[in-house]
Structures are given as C-alpha cells and as structure tokens.
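Trainee: would you be able to build a 3D model of this:
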Amino acid sequence: MIDSRITRRYVTALYDAAEKAGVPDLVESDLGLITYTLESMPNLRDALLQPLIPASRKKEIVSQVFQGKVHDITLHYLFLIIDMDRAEVIEQTESEFIRIANERRGIIAAEVRCAVELTQEQIKRLKEKLDAYTGKKVEISLLIDESLIGGLSVKIGDTVLDGSITGYLARLKEQLLKS
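Mentor: Below you'll find the model as predicted:
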C-alpha cells in the first residue's frame, strides 16, 4: 500500500490542474469511470500494477481503454502516474479527489450513529446545527447502532461528539471511579 501523503500530492496537483481548466466536476466523473473500469476489469488493474510491463506499454493500454472517454487532463494524469511508476495511486485517486474537492467546496462529512431511525425533520435540524458548529456544509451519513441505547454520536474528521446514553453512562462511570 502506498503512503497516503504521496497519493495526496499527486491528486492535489490533479485537482489544481482541473480547477485551473474549469473542469473539476468532469475530472471527478472521469475518475469514477476509471475506478469502475478497474474494478470490473481486474486484468487491466493487474496489467497496470505489473512491474514487468514497461511504462510505454501501460500507456498504450490506458490510451486504448480511456482515450476519448476521459478529459485530456485525466488521461495525462494517468500517464504521469505510470511514468512515475506509481500505478497503485490510481486506485486511491477517486476517493482522495472527492475528499479534496469537498474540502475546497467547504463540504465536510459527518458520520452520525443513532440508536433509532431519525425523521427527515430531525436530520434537517441536526444538519443545520452541524453546519453552524463547523462553519461548513455538512454531509451526513446515518448509521443505526442500537448499542447506543438512545441519543447519537457524531464523528467529523477526528472529532467525536458523543451525546449517546451509552457514552453518558461511560463518562458517569469514569467520574464515579475517580471519586
């Protein structure tokens, strides 16, 4: 597995080039196509990762598969990755690109774990509060976790806001043990 910092550098450069050309959404779509293609064609993925296949041959294969289907910026990014012998970065590119794009758009992901299904009104109010708390637009992914007993737990990046009954009881137990 390649170091995520390396992937981030390449993908940041890709995003910057796409943004400068005014096509970040198109490149994001291209990356979705590439990820889907690699998942559905394991032989293609294996060929790109095969160290015995020369870069020139890998670029020919990429051209045959993606030429005319993806933007030139995306295609040249693939060529660069192949030339730098970093083909494993291709598999991580889409998710990292989306992360960078959302960051630049002021969008942040929040994982909300709750004991019961929330109503649309509750989700809307929670989103408004999280938007205000973070100062960004929050995209919520909901997970039902009955072990929380009640309440909810929100994870935004490295920050966890635990308003669950389970969390409350754990904190209460910790306080009682300290006394």
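
Trainee: Leu126 is in contact with Ile156, correct?
Mentor: No: in this structure, Ile156 is not within contact of Leu126 by Cβ atoms under 8 Å, at 12.0 Å. Glycine gets a C-beta too; all of them are placed from N, C-alpha and C.

Trainee: local confidence estimate at Ile165?
Mentor: pLDDT for Ile165: 88.

Trainee: now the helices for this structure?
Mentor: Here the chain has its helices, by DSSP state H, at 4-21, 24-40, 42-49, 55-66, 72-83, 89-104, 120-134, 165-178.

Trainee: ok, which of these comes nearest Arg113?
Mentor: helix 165-178 (10.1 Å; Cβ to Cβ).

Trainee: low pLDDT regions in the protein?
Mentor: Filtered on pLDDT under 70, the chain yields the residue ranges 1-2.

Trainee: 90 - rerun?
Mentor: Within the chain, the stretches with pLDDT under 90 are 1-4, 103, 115, 146-151, 157-159, 163-173, 175, 178-179.

Trainee: tell me the centre residue of it?
Mentor: By Cα atoms, centre = their mean, the chain has its centre lying nearest to Ser95, at 3.6 Å.
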